[in-house]
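# quick one, what's the 3D model for this:
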Amino acid sequence: MSKTSRLGLLGDRDFGRLFAATALGQLGDRIIFLALPLVAVVALNADEFQVGLLAAMTTAGSLLVGLPAGAWVDRMRKRSVMISTDLVRALVLMTIPVAWWAGFLTVWWLCTVALVHGVLTVFFDVAYVSYLPHLVGRDNLMEGNSKLSTVRSVTSISGPTVAGPLVGLIGAPATLLVSSAGMAVSGLLAFTIRRHEPKPEPSEHPQLAREIKEGFTFVVKNPILRAIMLGDAIFNLFLVMYQTMLLIFLERQIGLQPFGIGLILSGMGCGALLGALMATTVSKWIGQGTVIWLAALVTCPLTALMPLARPGWSVYAAAIGLAALSLGGVIRVVAQSGFQQEMTPDRLLGRMSATTRFVSWGGIPVGGLLGGVSGSAFGATTTLWIGAAGMTLSVLPNLLSPLRTMHRLPTEKAPGFAGRDFMDG
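Numbering: from 1, shown residues only. So this is what the prediction gives:
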């Protein structure tokens, strides 16, 4: 058996570089996930509403540029978008420790950086999802998505594990330098990928509104894509409500230090890693359509264990529920990503990704604000209960769609596919 056969896609140099770039970029992202709110909570003594506002600003880019981003990215080479957004995000993050050392860092500065970083992340993510079919070929999408989910899961473990001690050692603001470095190296690695996708054919009369409408209509009229999008929207809104108060609950009510919080989040990463390793096998065993709704139905209710926790062993028992949530979430995402990419023609990949992201992620800043308002009004514990209930209800759109009885991925190719098999040449 050849080395390429044993390693699969990892035996290809260009995919290996994308894999490495993903690892470093995601490591930076996971450190941000812990360090940025801790800058607000610990370094700036932010209150519940300010923490919720920061969470909202982090993802507000999906509402601001979510739909036009897809049309713009479909006009450009995706690899170039990924490189430029990685490098600019690295520079933006670097301003936080600089402002801290200069003595003028505020919550509003954090919110501004979070907003700019979030807008850039929209463009990166749309390009990233659209680039994979060009790089690996549609026949290899399940393997490609699974391997990239694996590396994201590994960084979900290592990110908080690295960030917790770093925050304790050098402080949350300085820890963001590590995130900045990860983003920068990720962009440089993407620059070394030699296989470029064809330059998109320019439209004779480009009209942004018409292009946006075409992508939006394509997704909304497809019952499978529509159900996946709506299920994700409900899940993400309540997940962010939950996550917004989770750090406050762990730090102020359970009394955990940054290292302990990082350990809890690393447990979630362990669940995500296990999910990535199991995703292909579970999808083949249960069926790709079935696993999309079943994974959420089984794992989301377990998040109710956390608001039941008290200082001591019970909080780590509750962390098992969070790990299960991550496990089910990754299995679901790998399966549904294959549906979304396979059913979308090449020329609409960017707009499909942007439309689903706009709707699915559009509720995230709303969830951050609602989490902050709910935390201020009812407390962190009650907000965790609300989040757990909402995440469980997110399974309904998929249960009420053809996915409920669809065992396998549709076999027909998406129209307009002009790619080649990944291993050819």
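# report pLDDT for residue 86.
Note on residue 86: pLDDT of 92.
# swap that for residue 393, sorry
If you check residue 393, the pLDDT there is 94.
# could I get the buried residue list for the helix or strand residue 321 falls within?
Using DSSP states H and E, the element containing residue 321 is helix 313-342. By neighbour count with 16 or more other Cβ atoms under 10 Å, helix 313-342 contains the buried residues 315, 318-319, 321-342. Where you see a C-beta, it was placed from the backbone N, CA and C, and this is true even at glycine.
# so residue 236 sits against residue 363, correct?
Yes. Using Cβ atoms under 8 Å, residue 236 is in contact with residue 363, at 5.8 Å.
# how about residue 60, phi and psi?
Note on residue 60: backbone dihedrals following degrees, to the nearest 10 are phi -60, psi -20.
# these two touch, right, residue 342 and residue 141?
Yes. With contact defined as Cβ under 8 Å, residue 342 counts as touching residue 141 (6.5 Å).
# for residue 220, the count of nearby residues, please.
Per other Cβ atoms under 10 Å, the neighbour tally for residue 220 reads 14.
# I figured it was touching residue 226, is that so?
Yes. In this structure residue 220 lies within contact range of residue 226 using Cβ under 8 Å: 5.6 Å.
# would you mind identifying the next helix or strand past the strand or helix carrying residue 18?
Secondary structure assignment for residue 18, by DSSP H and E: helix 13-38. Going down the chain from helix 13-38, the next helix or strand is helix 48-59, by DSSP H and E.
# buried residues in that next one?
In terms of neighbour count (16+ other Cβ under 10 Å), helix 48-59 has its buried residues at 48, 50, 51, 52, 53, 54, 55, 56, 57, 58, 59.
# for the first one, what are its contacts?
With contact taken as Cβ atoms under 8 Å, 6 or more residues apart in numbering, residue 48 is in contact with 245, 248, 372, 375, 376, 380.
# list the contacts of the residue nearest in space to the middle of the chain.
For the chain, the residue sitting closest to the mean C-alpha position, by Cα atoms, centre = their mean, is residue 125 at 8.5 Å. The neighbours of residue 125, taking Cβ under 8 Å, 6+ apart as the test, are 353, 357.
# can you pull the phi/psi pair for it?
Dihedral pair for residue 125: phi -70, psi -40, per degrees, to the nearest 10.
# likewise for residue 287?
Torsion angles at residue 287 (phi, psi; degrees, to the nearest 10) stand at phi 110, psi 130.
# burial measure for it, as a count.
Neighbourhood size, residue 287 [other Cβ under 10 Å]: 18.
# ok, residue 280 next?
Residue 280 has 20 neighbours, counted by other Cβ under 10 Å.
# can you tell me how far it is from residue 398?
20 Å (Cβ to Cβ, to the nearest Å).
# same check on residue 42?
For residue 42, the distance to residue 398 equals 39 Å [Cβ to Cβ].
# go on, residue 297?
Distance of residue 297 to residue 398, given as Cβ to Cβ: 9 Å.
# more neighbours, those two?
Neighbours were tallied for residue 297 and for residue 398 using other Cβ under 10 Å; the higher tally belongs to residue 398 (25 against 15).
# residue 277 is in contact with residue 327, correct?
No. Proximity of residue 327 to residue 277 does not meet the contact threshold set by Cβ under 8 Å, at 9.8 Å.
# quick check: nearest residue in space to residue 15, chain neighbours excluded?
Counting by Cβ to Cβ, 6 or more residues apart in numbering, residue 15 lies nearest to residue 9, which is 4.6 Å off, once chain neighbours are set aside.
# I misspoke; the intended subject was residue 358.
Excluding its sequence neighbours, the residue lying closest to residue 358 (Cβ to Cβ, 6+ apart) is residue 66, at 3.2 Å.
# need the contact list for that neighbour.
Applying Cβ under 8 Å, 6+ apart, we find residue 66 in contact with 122, 354, 355, 357, 358, 361, 362.
# run the last query once more with 6 Å
354, 357, 358 (Cβ atoms under 6 Å, 6 or more residues apart in numbering).
# and it, how far is that from residue 121?
Here residue 66 is placed at a distance of 11 Å from residue 121 (Cβ to Cβ).
# got it, and residue 137?
As for residue 137, its distance to residue 121 is 26 Å (criterion: Cβ to Cβ).
# tell me which of those two has more neighbours.
Just comparing residue 137 and residue 121: by other Cβ under 10 Å the higher neighbour count belongs to residue 121, 21 against 18.
# nice, that's everything, thank you.
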